[in-house]
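Colleague: fold the stuff below for me.
(4 chains, ligands or ions: 4)
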Amino acid sequence: MKDIDPKTSQVNSIEKSRTEHEQWLHMYRQMLKIRKFEENVNQLYTTAKMPGLSHLSIGQEAVAVGVCESLRSDDYITSTHRGHGHCLAKGAKTNLMFAELLGKASGYCSGKGGSMHIADQENGNLGANAIVGGSAGIATGAALSAKMRGTDQVAVCFFGDGALGQGIIYEVMNMSSLWKLPVIYVCENNLYTEYTHYTETTAGNIIGRAKAFHVHAEEIDGQDIRKVFSTTRKLVEKARSGDGPSFLLCKTYRYYGHHVGDINRTYYRSKEEENEWKINRDPLKIFANWMINDQLIDAPGLEQIESDVQSEMEDSVQFALDAPYPDLNEVDKHVYA
Amino acid sequence: MKDIDPKTSQVNSIEKSRTEHEQWLHMYRQMLKIRKFEENVNQLYTTAKMPGLSHLSIGQEAVAVGVCESLRSDDYITSTHRGHGHCLAKGAKTNLMFAELLGKASGYCSGKGGSMHIADQENGNLGANAIVGGSAGIATGAALSAKMRGTDQVAVCFFGDGALGQGIIYEVMNMSSLWKLPVIYVCENNLYTEYTHYTETTAGNIIGRAKAFHVHAEEIDGQDIRKVFSTTRKLVEKARSGDGPSFLLCKTYRYYGHHVGDINRTYYRSKEEENEWKINRDPLKIFANWMINDQLIDAPGLEQIESDVQSEMEDSVQFALDAPYPDLNEVDKHVYA
Amino acid sequence: MSMLEMTEREITFSQAINEALAEEMRRDESVFIIGEDVAEAGTPFKVLSGLVEEFGTERVIDSPISESGFTGIGVGAAMTGMRPVVDIMFGDFMTIIMDQIANQAAKIHYMSGGKLKVPMVVRTNLGASRRSAAQHSQSLHVWLSHIPGLKVILPSTPYDAKGLMKTAIRDDNPVVFFEDKMMFQDKGKVPEGDYTIPFGVADIKKEGTDITLIGTSSMVQVALEAADHLAQIGISAEVIDPRTILPLDKKTLIDSAIKTSRAIVIDEGYASYGVTAEIASIIADGAFYHLETPVKRIGAMDVPIPFSPVLEDLTIPSSKMVVNMAKTLCGRS
Amino acid sequence: MSMLEMTEREITFSQAINEALAEEMRRDESVFIIGEDVAEAGTPFKVLSGLVEEFGTERVIDSPISESGFTGIGVGAAMTGMRPVVDIMFGDFMTIIMDQIANQAAKIHYMSGGKLKVPMVVRTNLGASRRSAAQHSQSLHVWLSHIPGLKVILPSTPYDAKGLMKTAIRDDNPVVFFEDKMMFQDKGKVPEGDYTIPFGVADIKKEGTDITLIGTSSMVQVALEAADHLAQIGISAEVIDPRTILPLDKKTLIDSAIKTSRAIVIDEGYASYGVTAEIASIIADGAFYHLETPVKRIGAMDVPIPFSPVLEDLTIPSSKMVVNMAKTLCGRS
Ligand SMILES: Cc1ncc(C[n+]2csc(CCOP(=O)(O)OP(=O)(O)O)c2C)c(N)n1
Ligand SMILES: Cc1ncc(C[n+]2csc(CCOP(=O)(O)OP(=O)(O)O)c2C)c(N)n1
Ligand SMILES: [Mg+2]
Ligand SMILES: [Mg+2]
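Modeller: Ligands and ions are numbered 1, 2, ... in the order given. Predicted coordinates for the structure are as follows:
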């Protein structure tokens, strides 16, 4: 990633270079890792090997990867209850992620955070958050901090369409706009807030809300990673160069339930709708088709990635299953720094 | 007021009728009462007869009166820390208001609320509020209630430009828009939030914020009561007829300090600016000039109003000064209904 | 408790709440529910299932994820003739509505000199052990209990849940109603039809003579389990459930401690500056001249609730902890 | 307290806070202030006057009226290398920031398994008697004290204010610092230059033998006044100021109560479920076998604070109440 000229903000102009080729493959691999990671999470849940619940982002992989691949590893992200994708895309290791989800000592947060609080400071992931909208202030504060410390770091705040209901989002957009902070608000509109369609809870015009605060705003197809990547790169450039915050609305879809236990979904959305997205708007398929068409990869190449990822996941799951739980005397450590 | 055809939403079409004539005079009187009331409040403060502080709305009279005169007495308002004008304009008696401000038993809230919590349920004033933005939910809830109870009551939420910083404003605008509630958000932009100019705390476009939630929004000169009145009547009609919420931004100015003790203001605003508003944009002067030009009143008529109001205030102040404090055993009454 | 004998019907805690709401909504048109996913979904815990079918989306209102906003809407609706039940999906989100509940709802009646009132119920939950980690497992009810003008209700059985919810809805004050997430499937005898349980009246769940165990919410069950164990070794424990902690039935608590001369208070909120502190200090004062041993407190461990099951389990009060402490107090350890 | 003897300079509480902030901002570039009207206005109480002139608007940042938002910004800045001092104009607005402070700031270190930290100070106030009515007069510090991961500081003198503020800023955890609005003009001896006061160490403000008076914040002054009165009738009161209530120096409190055998706890928060409950129950437990009388509590009356001066005065703990209670406990009434 670092090889790409940061001034080049359009995908077209960098297409087909060798580096770029590798990057596309890397991005595909990252997306597939998210998918396989979460399929395994679901499996761990249904086989009663994972404590608690967890929220799968399968179907939304292009947003996580497209955005995070536009960032440096010292850039920040804040994430949500549906945060495995963001975490992985920002550079986390799947074995340590699984370990965290199983509450093991070797997990990213020593098992204390779990799925909803996974954080990976080394890669700039300031943490998932179980309060809807709860990380909007944190991301904006990280951006203020970057500005005050004189680095050119950027902060990305991921949140769902549901977080548009939380007033804090508007409070911090106002401030980041006033102070031209390097923060990008990435709204993943997967159409639902738990069990309610977003149109029932969201009046007016989403990106208009950001624009009213003079926050630059764009709306894109979140299933097309090329679009996500090229747009985010542009917004990151803008933020890094001191040109202030932006808001990126990505239309996307979660294939699974709100959480792993949400199996019967027909009372709030139809099978047809689910299938339409899975079949015709799958971000991995769209990406793979494009790569094959543009001869960036061939079918055996894709299979190779698939089997690599598959075996990484198997190893990672096994690592986590085998890993020990935290020592009991860990329980009251880390209350204070 | 009730005599005016409610379908007539433009001032022009009702101008010069006898009823209307009386109403303009009434509105002038109400504005003058607010001014005189608050001059007396300031006097009570400087002579150490009033406990605590209080926030004067002198300069903003046209908004309070123009809006409240568009309402029925069973319509609701919620008010702010700078709420004497709203209270009076909605129909409260000045003697009971002074009594409340002095903490006397005969005050509107038995002396328990004071300036920042004065409420007058009989006239639909659900109360001033000492939390900036704190009444946005209450006003919206009163509108929901009116809708659920099948009345055609309307609720008005008064708030300052500073309240635009509070996220709850956006939360409730979203809901009132979704549910088409009969509520009008009246933002009195008097240019300052305590000691900071609103442009330093307010990014982007204020009415754009409301519009983004599909809340109908207008921006007007809050010093011209004719404009305030005609616009509000239109918005009230809209709300009453089931056509949903609106947002009314009124540009205005407070002549005094943020509170009665804020005497040296030059570090945050200039004497020139203050004088410009007082001399050239005074709502009472503007109104009086128009009435004289249109021969609705003459100079002796104005003087008569002035002396009437003056003596009402003297009586009211005296009433409040003479009134007894609450019984000490009142202290733990009314904690629970 | 005479009603209890009149019924053999057993329903769950969740059904008891549902029934109370349904009956009150039938009785009084001004009662309505507002919250996230309360309608078709019937909340994540499915406690409200079926209500939207009977009462429609006008009275069972799905809101955006705007707890502060719709709690404020509840306050305004309550002030103007309605009786809202505001549903807050997790008790941890009290953090978000504190202004509307503590600065507005709680104070409006008093600040207006008694002219305005806020007959509103905030329905929410408490309790850990669902492996939901630090932001979805807290028991923050002490915050509300500190605020004059509020009432705070902690039912521990399906019977109490139904009767207390009805009282809450009919009360003219803001009432915060905390249900333990782990009790929703607990069954108990609940009469059909109408009954209410007064606030401020503790319930002696089990009589005893050697030590008083005061438990709140699901900690009543913990106390009862402990009492069973203690009975086996000849210690007779009295178990008291205050049922409402604001108002608090101080007399029943003190009288029991005077009788037994020993007391342990168990509550699932954090131990420090928690509910146990208030109750313990009331007993230590009121029963001072009768106590053989200090009043002891058991609350959640003072740590953000950890995700890992092996750690989380350590943080929650257990009957074993109660038994051990009771044995020590009774000189049996 | 040896520093105290090294100086004769007297400054106000307000100046002490200002000096602590200025010195820390000079010492450490990562310290900055954010809040409403903190810059040119220096806050409504003028405590921060002059700071923006020295440190500029980049480090003394006037914010919109968005307490939740800018507290969250403080949290994020603290997690990424800065040391924000977040200014909340009135302690009553804790209601608005509870999520950012209790669900975010307090828990991040723990939830991340110790990887992330939040070195942030929330500077705010408490205390009534300014005729500011129910929403501008509360003392809500117990809410914060209930949350593991936070530290809660209540200075009672200019000397303590400066030393504790410096400790707060250098602490790697979220610290909530409550100043009493009525103490800003109080004068006291304060050394120039650097000194810190450790958290969790109570200060014995006056030694005594007959009864222990524990006061927090401005209630220390109330306790000292009461002690003076009591001395006149031959009752020797020991006055202790915990200075920080989370962490709390339990040992000093218990030891004093063991020595005197009587204790009264005075705090300006509401009495019920307040700070006095925790401290009283700790003493009642720890000094159980040494107490002659029950531990007594004096807090604000459990009512929304009324505006009318004649009523407000009744709600605030006074030295007279303390004297009367102490006399009763000492058998002198
Ligand atoms: C403040 C708050 N309110 C409610 C919840 C419960 N909750 C968790 S996820 C969720 C839906 C969030 O929807 P959205 O933001 O669209 O994210 P998605 O789940 O679709 O990824 C809700 C209501 C919460 N965690 N925090
Ligand atoms: C939530 C909250 N934050 C801060 C304050 C302190 N405060 C009282 S009035 C005020 C300024 C309000 O400005 P604006 O809304 O423009 O109203 P104005 O005073 O100009 O009428 C502030 C910051 C408060 N009362 N409530
Ligand atoms: Mg969503
Ligand atoms: Mg203003």
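Colleague: backbone dihedrals for residue A:246, please?
Modeller: Summarising the backbone geometry of residue A:246 under the convention degrees, to the nearest 10, its torsions are phi -140, psi 170.
Colleague: make that residue A:235, sorry
Modeller: Dihedral angles (degrees, to the nearest 10) for residue A:235: phi -70, psi -30.
Colleague: separation between it and ligand 3?
Modeller: Between residue A:235 and ligand 3 the computed distance is 21 Å (C-beta to the ion, to the nearest Å). Any C-beta I mention is one placed from the backbone N, CA and C, and that applies to glycine too.
Colleague: how many neighbouring residues does the closest residue to that residue other than its chain neighbours have?
Modeller: Closest residue to residue A:235 apart from its sequence neighbours, by C-beta to C-beta, 6 or more residues apart in numbering or on different chains: residue A:246 at 4.3 Å. The burial metric for residue A:246, expressed as a neighbour count using other C-beta atoms under 10 Å in any protein chain shown, is 24.
Colleague: contact partners for residue A:246?
Modeller: By C-beta atoms under 8 Å, 6 or more residues apart in numbering or on different chains, the contact set of residue A:246 is A:184-185, A:210, A:215-218, A:235, A:238-239.
Colleague: what about 7 Å?
Modeller: Residues touching residue A:246, when contacts are defined by C-beta atoms under 7 Å, 6 or more residues apart in numbering or on different chains, comprise A:184, A:215-217, A:235, A:238-239.
Colleague: which two in these are spaced the farthest apart?
Modeller: When the contacts of residue A:246 are compared pair by pair using C-beta to C-beta, the two farthest from each other are A:217 and A:239, 13.5 Å apart.
Colleague: near ligand 1, which residues of chain C?
Modeller: Proximity of chain C to ligand 1 is confined to C:36, C:65, C:67, C:89, C:93, C:96 under the rule C-beta under 6 Å from any ligand atom.
Colleague: write out the residues of chain A neighbouring ligand 3.
Modeller: Proximity of chain A to ligand 3, by C-beta under 5 Å from the ion, involves residues A:160-161, A:190, A:192.
Colleague: enumerate every residue touching the nearest residue to residue C:223 once chain neighbours are set aside.
Modeller: Nearest residue to residue C:223, sequence neighbours excluded (C-beta to C-beta, 6+ apart): residue C:215, at 3.5 Å. Under the criterion of C-beta under 7 Å, 6+ apart, the neighbours of residue C:215 are C:222-223, C:239, C:241, C:266.
Colleague: ranking those by neighbours, who comes first?
Modeller: Neighbour count (other C-beta under 10 Å) singles out residue C:223 as the most crowded of these, with 31 neighbours.
Colleague: you'd agree that one is up against residue C:241?
Modeller: No: shown here, residue C:223 and residue C:241 do not form a contact pair, counting by C-beta atoms under 7 Å, at 8.1 Å.
Colleague: please, which helix or strand holds the residue in the stretch 51-200 of chain A that chain D sits nearest to?
Modeller: Relative to chain D, the nearest point of the stretch 51-200 of chain A is residue A:137 (1.4 Å; C-beta to the nearest C-beta). When elements are assigned from DSSP states H and E, residue A:137 belongs to helix A:136-149.
Colleague: list the buried residues for that helix?
Modeller: By neighbour count on 16 or more other C-beta atoms under 10 Å in any protein chain shown, the buried set for helix A:136-149 is A:136-148.
Colleague: repeat for stretch C:163-183
Modeller: In stretch C:163-183, residues buried by neighbour count (16+ other C-beta under 10 Å) are C:163-171, C:173-183.
Colleague: what's the domain layout of chain C?
Modeller: As assigned by automatic domain parsing, chain C contains the domains C:9-191, C:203-328.
Colleague: redo those domains as TSV? Include mean pLDDT.
Modeller: As requested, these are exported to TSV (pLDDT from 0 to 100):
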stretch	mean pLDDT
domain C:9-191	98
domain C:203-328	98
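Colleague: a markdown table please, covering those and showing distance to residue B:335.
Modeller: Compiled in a markdown table, those are given as follows (distance: least, C-beta to C-beta, whole Å):
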| stretch | distance to residue B:335 |
| --- | --- |
| domain C:9-191 | 5 |
| domain C:203-328 | 11 |
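Colleague: and the strands in chain A?
Modeller: Remark: strands assigned in chain A by DSSP state E are A:76-78, A:155-160, A:183-189, A:192-193, A:196-197, A:216-221, A:246-251.
Colleague: of the ones you listed, give the one that comes closest to residue B:223.
Modeller: Of all the strands of chain A, the one in closest proximity to residue B:223, counting by C-beta to C-beta, is strand A:216-221 (34.1 Å).
Colleague: which bits of chain C sit near chain A?
Modeller: Within reach of chain A by C-beta under 7 Å from any C-beta of the partner chain, chain C has these residues: C:36-37, C:40-41, C:62, C:64-66, C:68-69, C:130-136, C:301, C:303, C:306-311, C:314-315.
Colleague: from those, which would you call buried?
Modeller: Using 16+ other C-beta under 10 Å, the buried members of those are C:36-37, C:40-41, C:62, C:64-66, C:68-69, C:131-136, C:301, C:303, C:306-311, C:314-315.
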